[in-house]
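1. sequence-free structure coming up:
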């Protein structure tokens, strides 16, 4: 039964992930049909490549440390404090995480770039500095720490720490000896996820880094799209792939520690109204950080979209619906990209729900030959399959997109001119979010309910429809929302495969920012604002149906 459920996800990943990536890497490392291992030495000995590798690791480590320092107090506030507007604020905090990286780059470009508040008030521009990249990464990953660490922190029984203090331990000693060891796996998991997202950063570095800074993902894009140097791109892809595999293995180990070692309580019973000047100062300090670091870039982005050459107005928005001219960036009106993005994302969401739902069901299905638990072989199979599902989050989306072009070009899989090519690429990124959202809920379903239904004569389909589906309906809706938002903002692969007459919003924003002129810049800000509003609306709708048990994010 488990292998049957795995069949569709495995076929999906084999055809649309493993095949394109293997093909493009093979084409770059082969010469005349023979492997050329010497290309590794040649590429990795290049000082420019070594500088890219060093900067990729350095900025990911710096971004991770900075995110933890800024976000951990916020995780405590959301876990332990109860205050008016908490649910809405939690949604606001999560908005940056579901925003396309192109929009994140645009928001910080508006905040710290030409004509931004820093430039206007103090003449300071950070748009070509590493600080803009680091702060944008904190903006993007703040919710990862708050959700992952804060979610667990809220479920830790505070009476354990109180008991330690009764026995004579000070406040800090009690926290260090009782709470910190319990939080360790969650902090490690959050740090690894932040490092993974920043290690593979593309859109943010592409927009804010300019020609000075380049991560592995940006360099793979440049070597592929600008220089057509497939050997160098293939070596960098393999380096990134091996690094991601290592990170995912460590992340899986930390998640298993967190699941197996803790006894948790209902999070709603641990939150209290702040008391004392220290707790109120922490709450207001966290609100100030959220206002300055998370809300201000979004507000400045919206403000710049209305700031026309003749004062505030809707010039940039109305110009989006104008027909393309001969010298335009697009073959169609820029606003058409909105409809393209929505239709692509809807199709990608449907695909991700089918593939991710089957995968999540396979991961939670018990081993029928071992009623007391899974056999060691089944456990290894499940862990390997789970790791496979996470790979699209870390493997170069640029490589996947270019691989689509060179592999899906022959009947019966000639999809280069097919409308479905973009949704298929976007669904690859959506599947991991569907799985991560569905897994905790499916694992919480009491297996005895399924067994009782089967004993009463229900078929497997009817068992799923009448036992599992009512319990996971909310999680399914949340998974659909996350898949839609992530698909809407996918950029790395789509920039290669989106046709000129059917661009998506992130591709349109990147093209506009790449051209000089106030109109192009204003249109990029307007399209980024539209995309931000759509993503934020989807997330706020999800918060209305969310339960605390509906996944990690």
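-> Sure thing, it's come through. Not measured: the values here are computed from a predicted model.
2. residue 84 in helix, strand or coil?
-> coil (DSSP: H, G, I helix; E, B strand; the rest coil).
3. from residue 142, how far off is it?
-> Using Cβ to Cβ, to the nearest Å, we find residue 84 at a distance of 21 Å from residue 142. C-beta here means a position set from N, CA and C on the backbone, and glycine is covered the same way.
4. one more: residue 533?
-> 20 Å.
5. could you point out the helix or strand that follows the helix or strand where residue 389 lies?
-> Assigned by DSSP states H and E, residue 389 belongs to helix 376-390. Following helix 376-390 in sequence order, the next helix or strand is helix 397-407 (DSSP H and E).
6. look up how far residue 113 lies from residue 105.
-> 10 Å.
7. more neighbours: which of those two?
-> Per other Cβ atoms under 10 Å, whichever of residue 105 and residue 113 has more neighbours is residue 105, with 30 against 21.
8. where does that one land on pLDDT?
-> For residue 105, the pLDDT comes out at 82.
9. hmm, it is touching residue 210, no?
-> No - here residue 105 lies out of contact with residue 210, judged by Cβ atoms under 8 Å, at a distance of 11.0 Å.
10. what about residue 115, how many residues nearby?
-> 13.
11. for it, give me phi and psi.
-> phi 80, psi 0 (degrees, to the nearest 10).
12. how close does the residue nearest to it when sequence neighbours are not counted get to residue 283?
-> In this structure, residue 115 finds its nearest non-sequential neighbour in residue 304, 7.5 Å apart by Cβ to Cβ, 6 or more residues apart in numbering. Distance of residue 304 to residue 283, computed by Cβ to Cβ: 31 Å.
13. now swap in residue 176 and tell me
-> Using Cβ to Cβ, one obtains 23 Å as the distance from residue 176 to residue 283.
14. those two: which is more packed in?
-> Higher neighbour count among residue 176 and residue 283: residue 283, with 17 against 13, using other Cβ under 10 Å.
15. which strands and helices sit next to whichever strand or helix holds the more buried one?
-> Here residue 283 sits within helix 276-289, counting by DSSP H and E. Where contact means 3 or more Cβ pairs under 8 Å, 6 or more residues apart in numbering; DSSP states H and E, helix 276-289 is packed against helix 47-80.
16. so for the helix it packs on, mean pLDDT?
-> Helix 47-80 carries an average pLDDT of 92.
17. now that helix: buried residues?
-> 49, 52-53, 55-57, 59-60, 62-64, 66-68, 70-72, 74-80 (16 or more other Cβ atoms under 10 Å).
18. which residues touch the next helix or strand after that helix?
-> Per DSSP H and E, helix 47-80 leads on to helix 86-98 as the next helix or strand towards the C-terminus. Residues outside helix 86-98 that contact it (Cβ atoms under 8 Å, 6 or more residues apart in numbering) are 74, 78, 104, 139-144, 146-147, 287, 290, 294-295, 298, 482, 485-486, 489, 532, 535-536, 538-540, 542-543, 553.
19. weed out the non-buried ones from the residues you listed.
-> By neighbour count, with 16+ other Cβ under 10 Å, the contacts of helix 86-98 hold 74, 78, 104, 139-144, 146-147, 287, 290, 294, 298, 482, 485-486, 489, 532, 535-536, 538-539, 542, 553 as buried.
20. now, these that are in strands?
-> Using DSSP state E, no member of the buried ones among the contacts of helix 86-98 sits in strands.
21. just confirm residue 107 contacts residue 297, I think it does.
-> Yes - applying Cβ under 8 Å, one finds residue 107 in contact with residue 297, separated by 3.9 Å.
22. counting neighbours, go ahead and name the busier of those two.
-> Using other Cβ under 10 Å, the more surrounded residue of residue 107 and residue 297 is residue 107, with 29 against 26.
23. what's the angle between whatever helix or strand the more buried one lives in and helix 86-98?
-> Element membership for residue 107 (DSSP H and E) is helix 101-112. For helix 101-112 against helix 86-98, the angle by axes from the mean of the first three to the mean of the last three Cα atoms, to 10 degrees is 100 degrees.
24. average pLDDT across the helix or strand that comes right after helix 101-112?
-> Later in the chain than helix 101-112, the nearest helix or strand by DSSP H and E is helix 117-122. Averaging pLDDT along helix 117-122 gives 72.
25. which neighbouring elements make contact with helix 117-122?
-> With contacts taken as 3+ Cβ pairs under 8 Å, 6+ apart, helix 117-122 sits against helix 101-112.
26. distance from the chain centre to the helix it packs on, please.
-> How far helix 101-112 lies from its chain's middle: 17 Å, per Cα atoms, centre = their mean, to the nearest Å.
27. elements contacting that helix?
-> Where contact means 3+ Cβ pairs under 8 Å, 6+ apart, helix 101-112 is packed against helix 117-122, helix 130-153, helix 203-208, helix 296-306, helix 469-489, helix 505-513, helix 518-545.
28. list the buried residues of the fourth one.
-> Taking 16+ other Cβ under 10 Å as the basis for neighbour counts, the residues of helix 296-306 that come out buried are 297, 298, 300, 301, 302, 303, 304, 305, 306.
29. just checking: what are the partner strands of the next helix or strand after it?
-> Counting by DSSP H and E, the next helix or strand C-terminal to helix 296-306 is strand 307-308. Take DSSP bridges as the rule and strand 307-308 pairs in its sheet with strand 311-312 (antiparallel).
30. need the residues that contact the partner strand.
-> Strand 311-312 has contacts (Cβ under 8 Å, 6+ apart) with residue 306.
31. list the helices and strands the very next helix or strand once past that strand packs on?
-> Next along the chain after strand 311-312, taking DSSP H and E as the criterion, comes helix 315-318. Helix 315-318 is packed against helix 296-306, helix 518-545, with contacts defined by 3+ Cβ pairs under 8 Å, 6+ apart.
32. out of those, flag the one nearest residue 8.
-> Comparing these against residue 8 with Cβ to Cβ, the closest turns out to be helix 518-545 (25.6 Å).
33. and the angle from that closest one to helix 505-513?
-> 160 degrees.
34. buried set for helix 518-545?
-> 520-532, 534-536, 538-539, 542.
35. ends of stretch 36-47, how far apart?
-> 20 Å (Cα to Cα, to the nearest Å).
36. do the same with stretch 28-45
-> Span of stretch 28-45 from end to end, Cα to Cα: 17 Å.
37. nice, that's everything, thank you.
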